[in-house]
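Asker: give me the fold of what follows.
(one chain, ligands or ions: 1)
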Amino acid sequence: MALLNILKYPDERLHTVAKPVAEIDDRIKTLTKDMLETMYEARGIGLAATQVDVHERVVVMDLSEEQNEPRVFINPIITHKNGETTYEEGCLSVPGIYDTVTRAEQVTVEAFNEEGEKFTLEADGLLAICIQHELDHLAGKVFVEYLSALKQNRIKTKLKKRAKHNL
Ligand code: NI
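Answerer: Numbering: from 1, shown residues only. Prediction:
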């Protein structure tokens, strides 16, 4: 396994739209393992392949307290959305920044696991929020893009300054 480099906002590569995975082979299995390791190391609860500069539809998540319930979503599609909820979100690509985003309260997602098995998941709560956040990454969207232009500019300035000083 290997730790992968996580792209940081406002890196343009975060705006790349991911392509569907053509075949769930050893390369994809290794990618999901490396993404999980990278996510755990960074103390995140979700990571999209886009964030590690791989532009294919792969997402990993683990919302458990013990970080022992990994979830893998390959070629995920949200087929149903219901209700509305707000949550203060953060992102491994936007370190140290948290802000409130409005999303659907419940989602149904269809995806494949790393064994190539198709599954359907009905999610609510944090899981539903996380799924929407990660699928946004695959579409080239970062959560801060839901915020006002003023806030986005402040965040860009802050993160660029931080990157420059290597903080
Ligand atoms: Ni994120």
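Asker: just the helices from the protein, written as ranges.
Answerer: When secondary structure is read from DSSP state H, the chain shows helices at 26-41, 125-138, 149-164.
Asker: for those, which has the smallest mean pLDDT value?
Answerer: Comparing mean pLDDT over these, the weakest stretch is helix 149-164, at a mean of 92.
Asker: tell me, how many residues neighbour residue 151?
Answerer: 13 (other CB atoms under 10 Å). Using the backbone N, CA and C atoms, a C-beta is placed for each residue, glycine as well.
Asker: got it, and the one 3 residues further on?
Answerer: By the criterion of other CB under 10 Å, residue 154 has 14 neighbours.
Asker: from residue 18, how far out is the nearest residue to residue 33 once chain neighbours are set aside?
Answerer: Spatial nearest neighbour of residue 33, chain neighbours left out: residue 1 (5.3 Å); criterion: CB to CB, 6 or more residues apart in numbering. Distance, residue 1 to residue 18, using CB to CB, to the nearest Å: 22 Å.
Asker: kindly reformat the helices of the chain as TSV and extend each row with distance to residue 115.
Answerer: What follows is those, written out as TSV (distance: least, CB to CB, whole Å):
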stretch	distance to residue 115
helix 26-41	9
helix 125-138	20
helix 149-164	37
